[in-house]
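In: Quick one, what's the 3D model for this:
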Amino acid sequence: MKATKFTEDLRTMSAEELNAKLKELKEELFTLRFQHAINQLDNPHKIVEVKKNIARVMTVLSEKNA
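Out: Numbers count the residues shown, from 1 in each chain. Below is the predicted model:
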């Protein structure tokens with residue numbers, strides 16, 4: 001999914017949905033880091049993508065709270 005499309009989708013979500021998405025992404029990051037530690041991760045760049053998506057969600061959340 002393109003970053004702009006992902007961000008547009010985030011802006012239409014409510015705060016509760018954003019918090020749920022944030023929790024889901026953090027769980028995915030944990031899983032990816034674990035797989036990377038035991039050398040089972042096929043695409044290490046996926047970790048970077050998930051981190052950026054977490055930052056995007058947190059940015060939209062802070063915009064909604066401001």
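
In: helix/strand/coil for D42?
Out: coil (DSSP: H, G, I helix; E, B strand; the rest coil).

In: for L41, phi and psi?
Out: With angles defined as degrees, to the nearest 10, L41 sits at phi -90, psi 120.

In: and what of D42?
Out: Residue torsions, per degrees, to the nearest 10, at D42 are phi -80, psi -40.

In: buried ones in stretch 8-23?
Out: Neighbour-count burial for stretch 8-23, counted by 16 or more other C-beta atoms under 10 Å, picks out L10, M13, L18, K21, L22. Just so you know, the C-beta spots here come from the backbone N, C-alpha and C atoms, and that holds for glycine as well.

In: got TSV for the residues you listed, with pLDDT and distance to R33 too?
Out: Shown next, in TSV, are the buried residues of stretch 8-23 (pLDDT from 0 to 100; distance: C-beta to C-beta, whole Å):
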residue	pLDDT	distance to R33
L10	92	23
M13	93	25
L18	96	22
K21	97	19
L22	97	16
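
In: Tell me which of these fall in helices.
Out: L10, L18, K21, L22 (DSSP state H).

In: Name the nearest residue to the third one, ignoring sequence neighbours.
Out: It refers to K21. Nearest non-adjacent residue to K21, counting by C-beta to C-beta, 6 or more residues apart in numbering: V57, 5.5 Å away.

In: Return the per-residue confidence for the one you found.
Out: Looking at V57, its pLDDT stands at 97.

In: likewise A66?
Out: At A66, pLDDT is 78.

In: neighbours of it, just the number please.
Out: Around A66 there are 5 other residues, counting by other C-beta atoms under 10 Å.

In: now L32
Out: L32 has 19 neighbouring residues, counting by other C-beta under 10 Å.

In: Please, which helix or strand holds it?
Out: Using DSSP states H and E, the element containing L32 is helix 15-37.

In: pLDDT below threshold where in this structure?
Out: For the chain, applying pLDDT under 70 flags the ranges 1.

In: Let me have the ones in helices among the buried residues of stretch 8-23 in a markdown table, extended by distance to L29.
Out: Output for these, formatted as a markdown table (distance: C-beta to C-beta, whole Å):
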| residue | distance to L29 |
| --- | --- |
| L10 | 17 |
| L18 | 16 |
| K21 | 13 |
| L22 | 11 |
